[in-house]
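> Here you go, sequence then predicted model.
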Amino acid sequence: MESNKEEQAEATLWARKSWALLSAVRSQSPLIQCITNFVSMDLMANTLLSAGASPAMLHALEEIPDFTPQVHALCLNVGTLSADWLPAMKLAAQLARKSGKPWVLDPVAAGASGFRLKACLELVELKPTVIRGNASEIIALANASVGPTKGVDSSHKSTDAVESAKSLARASGAVVAVSGAVDIVTDGERVVGAHNGVAMMTKITATGCSVTALIAAFIAVDQAHVLEATAAALSLFGIAGEMGMEMANGPATLRIHLIDSLHGLDEACVLSRVKITSLS
Ligand SMILES: Nc1ncnc2c1ncn2[C@@H]1O[C@H](COP(=O)(O)OP(=O)(O)OP(=O)(O)O)[C@@H](O)[C@H]1O
Ligand SMILES: Cc1ncsc1CCO
Ligand SMILES: [Mg+2]
(Lines give C-alpha, C1' and ligand atoms only; values in the text may rest on other atoms or scores of the structure.)
(Ligands and ions follow the chains in the order given, each with its own letter.)
Protein backbone atom coordinates (compact mmCIF):
# COMPACT_ATOMS: atom_id res chain seq x y z
CA MET A 1 0.00 0.00 0.00
CA GLU A 2 2.71 2.42 1.10
CA SER A 3 4.87 1.63 -1.96
CA ASN A 4 1.83 2.01 -4.19
CA LYS A 5 1.36 5.51 -2.81
CA GLU A 6 5.02 6.27 -3.37
CA GLU A 7 4.79 5.07 -6.96
CA GLN A 8 1.76 7.26 -7.55
CA ALA A 9 3.51 10.26 -6.06
CA GLU A 10 6.52 9.62 -8.31
CA ALA A 11 4.27 9.27 -11.37
CA THR A 12 2.61 12.60 -10.58
CA LEU A 13 5.98 14.29 -10.18
CA TRP A 14 7.14 13.02 -13.58
CA ALA A 15 3.92 14.20 -15.23
CA ARG A 16 4.15 17.67 -13.65
CA LYS A 17 7.82 17.94 -14.55
CA SER A 18 7.06 16.96 -18.17
CA TRP A 19 4.33 19.59 -18.44
CA ALA A 20 6.60 22.25 -16.90
CA LEU A 21 9.33 21.41 -19.43
CA LEU A 22 6.98 21.51 -22.42
CA SER A 23 5.63 24.84 -21.16
CA ALA A 24 9.19 26.16 -20.89
CA VAL A 25 9.98 25.06 -24.45
CA ARG A 26 6.82 26.80 -25.65
CA SER A 27 7.53 30.04 -23.78
CA GLN A 28 11.31 30.21 -24.38
CA SER A 29 11.31 28.79 -27.92
CA PRO A 30 14.94 27.64 -27.77
CA LEU A 31 16.99 27.87 -30.96
CA ILE A 32 18.15 24.36 -31.90
CA GLN A 33 20.87 23.82 -34.51
CA CYS A 34 20.52 20.47 -36.26
CA ILE A 35 23.25 18.98 -38.42
CA THR A 36 21.32 15.97 -39.54
CA ASN A 37 20.73 13.47 -42.31
CA PHE A 38 18.89 14.31 -45.52
CA VAL A 39 16.02 11.92 -44.69
CA SER A 40 15.15 13.49 -41.34
CA MET A 41 15.48 17.22 -42.01
CA ASP A 42 11.80 17.89 -42.66
CA LEU A 43 10.26 15.79 -39.87
CA MET A 44 12.87 16.96 -37.36
CA ALA A 45 12.30 20.65 -38.10
CA ASN A 46 8.53 20.18 -37.95
CA THR A 47 8.77 18.25 -34.67
CA LEU A 48 10.75 21.10 -33.11
CA LEU A 49 8.34 23.73 -34.42
CA SER A 50 5.28 21.86 -33.23
CA ALA A 51 6.79 21.58 -29.75
CA GLY A 52 7.45 25.34 -29.67
CA ALA A 53 11.19 25.33 -30.38
CA SER A 54 12.98 27.03 -33.26
CA PRO A 55 14.91 24.71 -35.61
CA ALA A 56 17.85 25.76 -37.82
CA MET A 57 19.37 23.15 -40.13
CA LEU A 58 22.68 24.94 -40.76
CA HIS A 59 25.67 22.75 -41.52
CA ALA A 60 28.32 24.67 -43.49
CA LEU A 61 31.70 24.63 -41.75
CA GLU A 62 32.21 28.28 -42.74
CA GLU A 63 29.19 29.59 -40.78
CA ILE A 64 29.50 27.48 -37.62
CA PRO A 65 31.88 29.91 -35.80
CA ASP A 66 29.30 32.72 -36.13
CA PHE A 67 26.17 30.69 -35.59
CA THR A 68 26.74 27.85 -33.13
CA PRO A 69 27.67 30.03 -30.12
CA GLN A 70 24.24 31.67 -30.45
CA VAL A 71 22.11 28.52 -30.33
CA HIS A 72 20.52 27.12 -27.17
CA ALA A 73 21.33 23.50 -28.04
CA LEU A 74 22.86 21.47 -30.86
CA CYS A 75 21.73 18.15 -32.37
CA LEU A 76 24.21 16.06 -34.38
CA ASN A 77 23.00 13.08 -36.41
CA VAL A 78 25.26 10.87 -38.57
CA GLY A 79 22.47 9.22 -40.59
CA THR A 80 23.73 10.12 -44.08
CA LEU A 81 27.28 10.91 -43.04
CA SER A 82 30.06 11.49 -45.54
CA ALA A 83 33.60 12.52 -44.65
CA ASP A 84 33.09 16.12 -45.75
CA TRP A 85 30.37 16.69 -43.09
CA LEU A 86 32.47 15.57 -40.15
CA PRO A 87 34.63 18.70 -39.66
CA ALA A 88 31.48 20.84 -39.32
CA MET A 89 29.98 18.41 -36.81
CA LYS A 90 33.16 18.38 -34.74
CA LEU A 91 33.58 22.15 -34.78
CA ALA A 92 29.94 22.66 -33.81
CA ALA A 93 30.27 20.21 -30.91
CA GLN A 94 33.44 21.96 -29.70
CA LEU A 95 31.86 25.42 -29.90
CA ALA A 96 28.68 24.24 -28.16
CA ARG A 97 30.79 22.89 -25.31
CA LYS A 98 32.92 26.03 -25.17
CA SER A 99 29.86 28.28 -24.95
CA GLY A 100 28.16 26.14 -22.32
CA LYS A 101 25.37 24.86 -24.57
CA PRO A 102 24.17 21.27 -24.38
CA TRP A 103 24.45 18.99 -27.39
CA VAL A 104 22.91 15.67 -28.36
CA LEU A 105 24.36 12.89 -30.53
CA ASP A 106 22.25 10.49 -32.61
CA PRO A 107 24.63 7.65 -33.62
CA VAL A 108 22.50 6.38 -36.51
CA ALA A 109 23.57 2.88 -37.65
CA ALA A 110 26.73 3.18 -35.53
CA GLY A 111 27.70 -0.47 -36.07
CA ALA A 112 27.07 -0.55 -39.82
CA SER A 113 30.61 0.36 -40.94
CA GLY A 114 34.05 1.10 -39.57
CA PHE A 115 33.86 4.64 -40.97
CA ARG A 116 30.62 5.40 -39.15
CA LEU A 117 31.69 3.80 -35.88
CA LYS A 118 34.97 5.74 -35.85
CA ALA A 119 33.12 8.99 -36.53
CA CYS A 120 30.66 8.27 -33.71
CA LEU A 121 33.46 7.42 -31.28
CA GLU A 122 35.27 10.65 -32.19
CA LEU A 123 32.07 12.62 -31.58
CA VAL A 124 31.58 10.89 -28.22
CA GLU A 125 35.08 12.13 -27.30
CA LEU A 126 33.71 15.67 -27.71
CA LYS A 127 31.42 15.10 -24.73
CA PRO A 128 27.79 15.05 -25.85
CA THR A 129 25.29 15.93 -23.12
CA VAL A 130 22.95 13.16 -24.32
CA ILE A 131 23.39 10.22 -26.69
CA ARG A 132 20.08 8.84 -28.06
CA GLY A 133 19.93 5.79 -30.28
CA ASN A 134 17.96 2.64 -30.84
CA ALA A 135 19.10 -0.51 -29.02
CA SER A 136 21.38 -1.83 -31.76
CA GLU A 137 23.09 1.55 -32.10
CA ILE A 138 23.73 1.90 -28.36
CA ILE A 139 25.05 -1.67 -28.11
CA ALA A 140 27.40 -1.13 -31.09
CA LEU A 141 28.67 2.16 -29.68
CA ALA A 142 29.15 0.81 -26.16
CA ASN A 143 31.09 -2.19 -27.51
CA ALA A 144 32.82 -0.15 -30.23
CA SER A 145 31.98 -2.97 -32.61
CA VAL A 146 30.97 -3.23 -36.26
CA GLY A 147 28.84 -6.28 -36.97
CA PRO A 148 25.67 -7.79 -38.40
CA THR A 149 23.24 -4.92 -38.89
CA LYS A 150 19.80 -3.88 -40.04
CA GLY A 151 21.27 -0.49 -40.90
CA VAL A 152 19.27 2.34 -39.33
CA ASP A 153 16.71 -0.05 -37.80
CA SER A 154 17.19 -1.97 -34.57
CA SER A 155 17.53 -5.72 -34.32
CA HIS A 156 17.43 -5.56 -30.50
CA LYS A 157 14.85 -4.56 -27.91
CA SER A 158 15.62 -1.49 -25.79
CA THR A 159 15.60 -3.65 -22.67
CA ASP A 160 18.50 -5.69 -24.19
CA ALA A 161 20.60 -2.51 -24.16
CA VAL A 162 20.32 -1.42 -20.52
CA GLU A 163 23.80 -2.57 -19.49
CA SER A 164 25.35 -1.16 -22.68
CA ALA A 165 23.58 2.14 -22.06
CA LYS A 166 24.84 2.29 -18.48
CA SER A 167 28.43 1.53 -19.45
CA LEU A 168 28.34 4.05 -22.33
CA ALA A 169 26.95 6.67 -19.93
CA ARG A 170 29.70 5.99 -17.40
CA ALA A 171 32.46 5.98 -20.02
CA SER A 172 31.28 9.11 -21.84
CA GLY A 173 29.72 11.20 -19.07
CA ALA A 174 26.58 11.57 -21.22
CA VAL A 175 23.03 10.69 -20.34
CA VAL A 176 22.19 7.78 -22.67
CA ALA A 177 18.69 7.15 -24.06
CA VAL A 178 17.63 3.97 -25.87
CA SER A 179 14.36 4.22 -27.80
CA GLY A 180 11.99 1.31 -28.25
CA ALA A 181 8.72 -0.05 -26.84
CA VAL A 182 10.06 1.25 -23.53
CA ASP A 183 12.43 4.19 -23.85
CA ILE A 184 15.32 3.73 -21.42
CA VAL A 185 17.23 6.71 -20.00
CA THR A 186 20.31 6.41 -17.80
CA ASP A 187 23.17 8.48 -16.41
CA GLY A 188 25.06 5.30 -15.59
CA GLU A 189 23.48 4.97 -12.14
CA ARG A 190 19.79 5.80 -12.33
CA VAL A 191 17.68 4.08 -14.98
CA VAL A 192 14.21 5.30 -15.89
CA GLY A 193 11.72 4.04 -18.47
CA ALA A 194 9.27 6.06 -20.57
CA HIS A 195 6.40 3.77 -21.52
CA ASN A 196 4.53 5.87 -24.08
CA GLY A 197 4.39 5.54 -27.87
CA VAL A 198 2.94 3.16 -30.45
CA ALA A 199 4.74 0.55 -32.58
CA MET A 200 3.54 2.25 -35.79
CA MET A 201 6.05 5.05 -35.04
CA THR A 202 8.80 2.70 -36.23
CA LYS A 203 7.11 2.66 -39.67
CA ILE A 204 7.73 6.38 -40.15
CA THR A 205 11.31 7.16 -41.06
CA ALA A 206 13.15 9.59 -38.78
CA THR A 207 10.87 9.49 -35.76
CA GLY A 208 13.95 8.50 -33.75
CA CYS A 209 15.99 11.33 -35.27
CA SER A 210 13.15 13.73 -34.48
CA VAL A 211 12.83 12.73 -30.84
CA THR A 212 16.60 13.23 -30.49
CA ALA A 213 16.11 16.84 -31.62
CA LEU A 214 13.19 17.19 -29.20
CA ILE A 215 15.52 16.05 -26.40
CA ALA A 216 17.89 18.87 -27.43
CA ALA A 217 15.05 21.38 -27.03
CA PHE A 218 14.12 20.01 -23.60
CA ILE A 219 17.66 20.02 -22.22
CA ALA A 220 18.09 23.55 -23.62
CA VAL A 221 15.47 24.79 -21.14
CA ASP A 222 16.71 22.75 -18.17
CA GLN A 223 20.41 22.04 -18.34
CA ALA A 224 20.46 21.18 -14.65
CA HIS A 225 18.19 18.13 -15.06
CA VAL A 226 19.35 16.36 -18.20
CA LEU A 227 18.04 12.89 -17.34
CA GLU A 228 14.59 14.23 -16.42
CA ALA A 229 14.37 16.44 -19.52
CA THR A 230 15.39 13.52 -21.75
CA ALA A 231 12.78 11.20 -20.27
CA ALA A 232 10.10 13.89 -20.54
CA ALA A 233 10.85 14.54 -24.22
CA LEU A 234 10.63 10.82 -25.00
CA SER A 235 7.40 10.40 -23.06
CA LEU A 236 5.69 13.43 -24.66
CA PHE A 237 6.73 12.41 -28.18
CA GLY A 238 5.30 8.97 -27.40
CA ILE A 239 2.04 10.54 -26.21
CA ALA A 240 1.84 12.53 -29.45
CA GLY A 241 2.20 9.18 -31.24
CA GLU A 242 -0.55 7.58 -29.13
CA MET A 243 -2.95 10.47 -29.73
CA GLY A 244 -2.01 10.66 -33.40
CA MET A 245 -2.69 6.93 -33.78
CA GLU A 246 -6.27 7.50 -32.62
CA MET A 247 -6.80 9.53 -35.83
CA ALA A 248 -4.43 7.74 -38.24
CA ASN A 249 -4.99 5.05 -40.85
CA GLY A 250 -1.34 4.09 -41.24
CA PRO A 251 2.19 5.53 -41.16
CA ALA A 252 1.59 8.39 -43.59
CA THR A 253 -1.39 9.78 -41.69
CA LEU A 254 0.28 9.06 -38.33
CA ARG A 255 3.15 11.31 -39.42
CA ILE A 256 0.69 14.17 -39.84
CA HIS A 257 -1.38 13.48 -36.74
CA LEU A 258 1.68 12.99 -34.55
CA ILE A 259 2.84 16.52 -35.38
CA ASP A 260 -0.65 17.94 -34.83
CA SER A 261 -0.93 16.11 -31.51
CA LEU A 262 2.44 17.33 -30.28
CA HIS A 263 1.42 20.87 -31.15
CA GLY A 264 -1.93 20.48 -29.37
CA LEU A 265 -0.77 18.74 -26.18
CA ASP A 266 -2.48 20.32 -23.19
CA GLU A 267 -1.98 20.02 -19.47
CA ALA A 268 -4.79 17.49 -18.95
CA CYS A 269 -3.41 15.18 -21.66
CA VAL A 270 0.10 15.39 -20.30
CA LEU A 271 -0.88 14.86 -16.66
CA SER A 272 -3.06 11.86 -17.48
CA ARG A 273 -0.80 10.16 -20.06
CA VAL A 274 2.85 10.57 -19.03
CA LYS A 275 4.15 7.16 -18.00
CA ILE A 276 7.69 7.40 -16.66
CA THR A 277 8.92 4.99 -14.01
CA SER A 278 12.11 4.25 -12.19
CA LEU A 279 13.72 0.98 -13.41
CA SER A 280 16.68 0.85 -11.02
N1 LIG B 1 7.52 -0.99 -30.14
C2 LIG B 1 7.30 0.30 -29.89
N3 LIG B 1 6.19 0.68 -29.23
C4 LIG B 1 5.97 1.99 -28.99
N5 LIG B 1 6.77 3.00 -29.38
C6 LIG B 1 7.91 2.68 -30.02
C7 LIG B 1 8.23 1.32 -30.32
N8 LIG B 1 9.42 1.29 -30.97
C9 LIG B 1 9.81 2.58 -31.08
N10 LIG B 1 8.91 3.42 -30.52
C11 LIG B 1 8.99 4.88 -30.48
O12 LIG B 1 9.27 5.32 -31.79
C13 LIG B 1 10.17 6.42 -31.80
C14 LIG B 1 11.37 6.10 -32.68
O15 LIG B 1 12.13 5.12 -32.05
P16 LIG B 1 13.04 4.09 -32.84
O17 LIG B 1 13.65 3.18 -31.82
O18 LIG B 1 12.28 3.48 -33.96
O19 LIG B 1 14.16 5.08 -33.38
P20 LIG B 1 15.19 4.91 -34.56
O21 LIG B 1 15.41 3.47 -34.86
O22 LIG B 1 16.38 5.74 -34.26
O23 LIG B 1 14.36 5.61 -35.74
P24 LIG B 1 14.86 6.41 -37.05
O25 LIG B 1 16.27 5.95 -37.32
O26 LIG B 1 13.91 6.06 -38.13
O27 LIG B 1 14.85 7.86 -36.74
C28 LIG B 1 10.52 6.69 -30.34
O29 LIG B 1 9.71 7.74 -29.88
C30 LIG B 1 10.15 5.39 -29.64
O31 LIG B 1 9.73 5.59 -28.31
C1 LIG C 1 16.54 5.71 -43.65
C2 LIG C 1 17.76 6.44 -43.26
N3 LIG C 1 18.96 6.16 -43.86
C4 LIG C 1 19.95 6.91 -43.40
S5 LIG C 1 19.46 8.00 -42.18
C6 LIG C 1 17.85 7.46 -42.29
C7 LIG C 1 16.76 8.03 -41.46
C8 LIG C 1 16.39 7.22 -40.29
O9 LIG C 1 17.43 7.04 -39.41
MG1 LIG D 1 17.79 6.39 -35.55
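Yep, that arrived. Ligands and ions are numbered 1, 2, ... in the order given.

> The helix or strand Gly238 falls within and ligand 1, are they touching?
Assigned by DSSP states H and E, Gly238 belongs to helix 226-245. Yes: in terms of Cβ under 6 Å from any ligand atom, part of helix 226-245 sits within range of ligand 1, namely 234, 237-238. In short, each C-beta sits where N, CA and C put it, glycine included.

> per-residue confidence averaged over that helix?
For helix 226-245, the mean per-residue pLDDT is 99.

> cool, stretch 26-41 as well?
Stretch 26-41 comes out at a mean pLDDT of 99.

> Can you give me the buried ones in it?
29-37, 39-41 (16 or more other Cβ atoms under 10 Å).

> and it with ligand 3, contact?
No: judged by Cβ under 5 Å from the ion, stretch 26-41 stays clear of ligand 3, getting no closer than 8.3 Å.

> returning to that earlier point: and the residues of helix 226-245 next to ligand 1 as a markdown table, adding distance to Ala119?
Compiled in a markdown table, these are given as follows (distance: Cβ to Cβ, whole Å):
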| residue | distance to Ala119 |
| --- | --- |
| Leu234 | 25 |
| Phe237 | 26 |
| Gly238 | 29 |
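
> What lies in contact with stretch 235-250?
Contact with stretch 235-250 is made by 14, 18, 22, 47, 51, 183, 194-198, 200-201, 203, 207, 210-211, 214, 253-254, 256-262, 265, 269-270, 273-276, as judged by Cβ atoms under 8 Å, 6 or more residues apart in numbering.

> Then stretch 255-264?
Here stretch 255-264 makes contact (Cβ under 8 Å, 6+ apart) with 43, 46-47, 50-51, 201, 204, 207, 236-237, 239-241, 243-248.

> could you give the mean pLDDT of that stretch?
Here the average pLDDT along stretch 255-264 is 98.

> any idea what sits nearest Arg170, other than its immediate chain neighbours?
Gly188 (3.9 Å; Cβ to Cβ, 6 or more residues apart in numbering).

> I'd say the one you found and Ala169 touch.
Yes: using Cβ atoms under 8 Å, Gly188 is in contact with Ala169, at 3.7 Å.

> and for the two, which residues touch both?
Val176.

> okay, how far is it across stretch 121-140, tip to tip?
Distance between the two ends of stretch 121-140: 10 Å, counting by Cα to Cα, to the nearest Å.

> So is that stretch next to ligand 2?
No: shown here: stretch 121-140 not in contact with ligand 2 (Cβ under 6 Å from any ligand atom), separated by at least 8.8 Å.

> Going forward, count from 648.
With the count now opening at 648, the last piece we talked about shows up as stretch 768-787.

> is that stretch anywhere near ligand 1?
Yes: on the criterion Cβ under 6 Å from any ligand atom, stretch 768-787 is in touch with ligand 1 at Asn781.

> returning to that earlier point: would you mark the buried spots in the helix or strand following the helix holding Gly885?
Where DSSP H and E defines the elements, the next helix or strand beyond helix 873-892 is helix 898-911. Buried positions in helix 898-911, judged by neighbour count with 16+ other Cβ under 10 Å: 901-902, 904-906, 908-909.

> With distance to ligand 2 added, can I get the residues you listed in CSV?
Formatted as CSV, the buried residues of helix 898-911 follow (distance: Cβ to the nearest ligand atom, whole Å):
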residue, distance to ligand 2
Leu901, 16
Arg902, 13
His904, 20
Leu905, 15
Ile906, 17
Ser908, 21
Leu909, 19
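
> Now do the same contact list for the residue of the stretch 648-797 of the chain found nearest ligand 2.
Per Cβ to the nearest ligand atom, the residue of the stretch 648-797 of the chain with the smallest distance to ligand 2 is Gly726, at 2.8 Å. Counting by Cβ under 8 Å, 6+ apart, Gly726 touches 683-687, 753, 755-756, 799, 856.

> on that earlier part again, which of the residues of helix 873-892 next to ligand 1 has the largest number of neighbours?
Among the residues of helix 873-892 next to ligand 1, the one with the most neighbours (other Cβ atoms under 10 Å) is Leu881, at 31 neighbours.

> okay, now the closest residue to Ala740 other than its chain neighbours: neighbour count?
With sequence-adjacent residues excluded and distances taken as Cβ to Cβ, 6+ apart, Ala740 is closest to Leu773, at 4.1 Å. Here the number of neighbours of Leu773 (other Cβ under 10 Å) works out to 18.

> Please give me every residue in contact with Leu773.
Neighbour list for Leu773: 737, 740-741, 744 [criterion: Cβ under 8 Å, 6+ apart].
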